[in-house]
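Undergrad: A predicted structure for the sequence below; I have some questions about it.
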Amino acid sequence: MKQLFAVIGMNVRSIPQRAGMSIATITSVAFMVAVLLGFLAMANGFEKTINGSGSDDVAVFLRGGSQAELNSVLARDDARLIEVAPGIATDENGDPIMSAELYVIVDGIKRASQTEANLPLRGVQQQAVNLRQNFSITAGRMFEPGSAELVVGEGVIREFEGFELGQTIRLGSNTWTVVGTFSTGGSVFDSEIWTDLGVVQNLYQRGSSVQSIRARLTSPEAIEEVRAYVEGEDRLNLDVTSEREYFADSAGGIATLLKWVGWPLSIVMAIGAFAGAWNTMYSSVDSRTREIATLRTIGFSGFTAFMGTLIESLVLALLGGALAILVIYILFNGNSASTLGGGFTQIVFSFQVTMGSVISGLILALAVGFLGGIIPGVRAARVSLLAVHQN
Amino acid sequence: MTDQLPLYQLRDLSKTYTRGKESISIFKGLNMDIQHGDFIAIMGPSGSGKTTLLNQLGGIDSPSSGQVVFEGKRIDNLSQGDLAKWRSRNVGFIFQFYNLMPTLSAAQNVELPLLLTGLSGGERKKRVKTALEIVGIADRAGHKPRQLSGGQQQRVAIARAIVADPKILLADEPTGDLDRATADEILGMLQQLNTELGKTIVMVTHDPSAAKYAKRELHLDKGEFVERGKTS
C-alpha cells in the first residue's frame, strides 16, 4: 500500500506539469457533467412542480375522452349533477367544495427573452382557493367577482413582465387590473393568472360552459364512489381522475422527455471527454516513461504504475465533475425557468440540483476517468525497464 | 556460505537483439565472476554492450542464453515479479541522468526503495537521514531535484541507491552528465562507499579517468572481455 500511495501521490502531483492537457480533460468532463446536471435539474424541478401540484383528495372532471382542460367542454347541468355526487366534501354551510373553471390562453412577455409565450388565464369560482394546497394571497387581495380583476401566480410575476401588483394589463381585447398575487407553494398553479369565472365566460363568449370542475373529495378513496356515480349516471359523459393523476398524465411525460434528452446528449459528450482523458493519460505515461521505468527498476510493481495512472485519470475526471456541479449549482439551482406544459401553456418551475443528480454526474465523470485511464494504465504497467536509460 | 561464493557468476552469457529480419549479437559466451567488495569499471567503445551487460546484472533485461547467478542462485529465469522483489532487496541503481522523481523532495526520492520494505515511517526517516549524510547532502533534504545542481542530484541518486543497504551498486555512466570536478567528487564518493562500507560496485563508463577509481577495469570489445591493469 505504501508504494501504491507513493506512486499515486507522484502521479497526482505531476498533473501541473501537463497543465494544458489536464485542463482540457477537466473542461471536457465538466461540460459533459454540466449538460447532464442541467437537464436533470430541469427535469427534477419540473417534476417537483408537477408532483407538488396535485392532491389525491381533489377530483378533476373533464369531458369524456378530452384528456386535457383545453379540449374539454362541460355544461352547467354537468356541474349540478356533480354537486350531488357521493364522496364530494361539503363546507360548514353544507355546500359542495367545488369550482367550475374555464381556462383560456393569453400572451405574456418573458422577462429573459422578451418573447411572447402562452399563459393560462383561469376563470374560477370562490371555492377554488380551498381546492389548492397551500394557497395564499401574498400581496394585495383576491379579485372581486364580476370585475375585470386578476390575481397572478408568483411564478408568472418572476418570469413574465407587466403583471406587477396594481398594473393594468391588456390581454387580447380586454383590459385587466392586477389586484393581488398568490402562491400555492411552487406548484403548477403559480404559473397561472386567475379571475372570476363569470367574467371569463362573458369576455371570451363561452356562455355558461366551463372546461373543468374540481371538487374536494371526502377522502382520497372516495374517487371510486364518484367514478361509479358518473358511470352510472346516463346524463354524464365525464372522465374523473384525482388531481395528482391528472398532472402526472398530462405533464409528467415532459420530465421524462427532459431526462431522455439529457442522458443521451451527455453520453455523446462523454465519448469526447473519454477521448480527451485517454489522450491526456497517454501523454502522462509518455512524459513519465523514464520515471515509471525507474520506479519499476527500483522494485515497484507494474500494478502500482497501472493504479497511479488510473487514479490520476479518475482525479482529473473528478475535478471536472466537481467543477460542473459547483458551476451548475451556483448558476442554476433554485433559478426559475418556464417551459411548455401539458396544456400548451408555460409552467414556471425552479431548477433542482438534487443529490441524486450530483451522484449521477459524478458516476458519469468517474466512468469517463476509468475508461480513459485503464488502457494508458496498462501501458504504464508495461513500460520497458530499459527506458530507465532514456535521456 | 554465500560469502565464499562470488557475488555474481556470469556463465556463457549471450545477448542478441533482432531488428526486423536482422539479428544483432551484442555479446556471446561471456564468463565473469564478481567478488564481494569488488569495484569494477566496465569500459569499451560505444555499442560494445556495456549497458546491456549492466542490465543483465541488474535483472532489468534477460540474456538470450546463458546464466546470471547471484549468490549461487540463478536470477535470469525469475519471473518479472520475483525479479522486482530481488532488485529491491539486492541492487542499488545509479544512472547517468540521475532519474530522480521531479515532484518529490530529495528525502522523498531517497525514501522510495524503503517503501518496498516493512520499515516503519520513523525508521525510514532515520535511514534516509543517514544516507543523505553519507553523501553529504543532508542540508538539501527538502529540495526538489530542479532546485539542485547536477552533482547534488547525483548525490541524492547515490543516497537512494544505498539507503536500503543493497549488496551491489550498479552505476551506468554516473559522471557522464557532470563536469570534471564534480565527477571526481562523485567518483571519490563511490570509491569511499567501496573501501569504507564494503559496497560492491559495478560501474559502466567510457571515461578512462573515471575508471581509475575502480579496483578493476574490464574492457568489453567485440563481445568479449579484455582485462587490463589500472590506467593510472
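TA: All right, it came through fine.
Undergrad: quick one: residue A:106 from chain B, how far?
TA: In this view, residue A:106 and chain B are 65 Å apart by C-beta to the nearest C-beta, to the nearest Å. Placement of C-beta: from N, CA and C, glycine included.
Undergrad: Is the closest residue to residue A:241 other than its chain neighbours in a helix, a strand, or coil?
TA: Of all residues not flanking residue A:241 in the chain, residue A:60 sits nearest, at 5.6 Å (C-beta to C-beta, 6 or more residues apart in numbering or on different chains). At residue A:60 the chain is in strand, as set by DSSP: H, G, I helix; E, B strand; the rest coil.
Undergrad: Could you verify that residue B:14 is part of a strand?
TA: Yes: according to three-state DSSP, residue B:14 belongs to a strand.
Undergrad: For it, which residues are in contact?
TA: Residues near residue B:14 by C-beta atoms under 8 Å, 6 or more residues apart in numbering or on different chains: B:25, B:27-30, B:63-66.
Undergrad: hang on, isn't the residue nearest to residue A:241 packed against residue A:243?
TA: Yes: assessed by C-beta atoms under 8 Å, residue A:60 is found in contact with residue A:243 at 5.3 Å.
Undergrad: Mutual contacts of those two, please.
TA: What both residue A:60 and residue A:243 touch, as defined by C-beta under 8 Å, 6+ apart, is the set residue A:214.
Undergrad: Run through the residues that contact the nearest residue to residue A:31 once chain neighbours are set aside.
TA: In this structure, residue A:31 finds its nearest non-sequential neighbour in residue A:269, 6.2 Å apart by C-beta to C-beta, 6+ apart. By C-beta under 8 Å, 6+ apart, the contact set of residue A:269 is A:28, A:31-32, A:35.
Undergrad: Try it again at 10 Å.
TA: Each residue near residue A:269 by C-beta atoms under 10 Å, 6 or more residues apart in numbering or on different chains is listed here: A:28-29, A:31-36, A:364, A:368.
Undergrad: Report how many residues lie close to residue 158.
TA: As the question left the chain open, I've gone with chain A. 17 (other C-beta atoms under 10 Å in any protein chain shown).
Undergrad: ah, I was thinking of chain B
TA: 26.
Undergrad: isn't it right next to residue B:106, touching?
TA: No: counting by C-beta atoms under 10 Å, residue B:158 does not reach residue B:106; the two are 11.4 Å apart.
Undergrad: Near chain B, which residues of chain A are found?
TA: By C-beta under 10 Å from any C-beta of the partner chain, the residues of chain A that approach chain B are A:1-7, A:9-17, A:288, A:290-291, A:293-304, A:384-391.
Undergrad: Output the below-cut-off pLDDT ranges for chain B.
TA: Within chain B, the ranges that satisfy pLDDT under 70 run B:1-4, B:227-232.
Undergrad: from the residues of chain A next to chain B, which would you call buried?
TA: A:2-4, A:6-7, A:9-12, A:14-15, A:288, A:290-291, A:293-302, A:304, A:385, A:387-389 (16 or more other C-beta atoms under 10 Å in any protein chain shown).
Undergrad: residues contacting whatever residue of the stretch 151-300 of chain A ends up closest to chain B?
TA: Chain B sits closest to residue A:299 of the stretch 151-300 of chain A, with a gap of 2.6 Å, by C-beta to the nearest C-beta. Contacts for residue A:299 (C-beta under 10 Å, 6+ apart) come out as A:3, B:59, B:83-91, B:112-113, B:115-117, B:164.
Undergrad: Got phi/psi on it?
TA: With angles defined as degrees, to the nearest 10, residue A:299 sits at phi 130, psi 0.
Undergrad: Not counting residues beside it along the chain, what's closest to it?
TA: residue B:88 (2.6 Å).
Undergrad: the strands in chain B, which residues?
TA: B:8-19, B:22-34, B:39-43, B:65-70, B:73-74, B:91-94, B:168-172, B:200-204, B:216-221, B:224-228 (DSSP state E).
Undergrad: So what are the sheet partners of the fifth one and their directions?
TA: The partner list of strand B:73-74 in its sheet, established with DSSP bridges, is strand B:65-70 (antiparallel).
Undergrad: List the residues that contact residue 98.
TA: Using chain A here. Per C-beta under 10 Å, 6+ apart, neighbours of residue A:98: A:58-59, A:61, A:79, A:82-83, A:85, A:88-90, A:125, A:127-128, A:130-131, A:213-216.
Undergrad: Chain B was what I was after
TA: A:294, B:109, B:145, B:148, B:150-158, B:160, B:174, B:177-178.
Undergrad: Number of residues surrounding residue A:8?
TA: With other C-beta under 10 Å as criterion, residue A:8 counts 19.
Undergrad: That one and residue A:311 touch, don't they?
TA: Yes: the criterion here is C-beta under 10 Å, and residue A:8 meets it with residue A:311 at 4.8 Å.
Undergrad: measure the nearest residue to residue B:60 once chain neighbours are set aside to residue B:56 for me?
TA: Leaving aside its chain neighbours, residue B:60 sits nearest to residue A:385 (4.0 Å; criterion: C-beta to C-beta, 6+ apart). For residue A:385, the distance to residue B:56 equals 12 Å [C-beta to C-beta, to the nearest Å].
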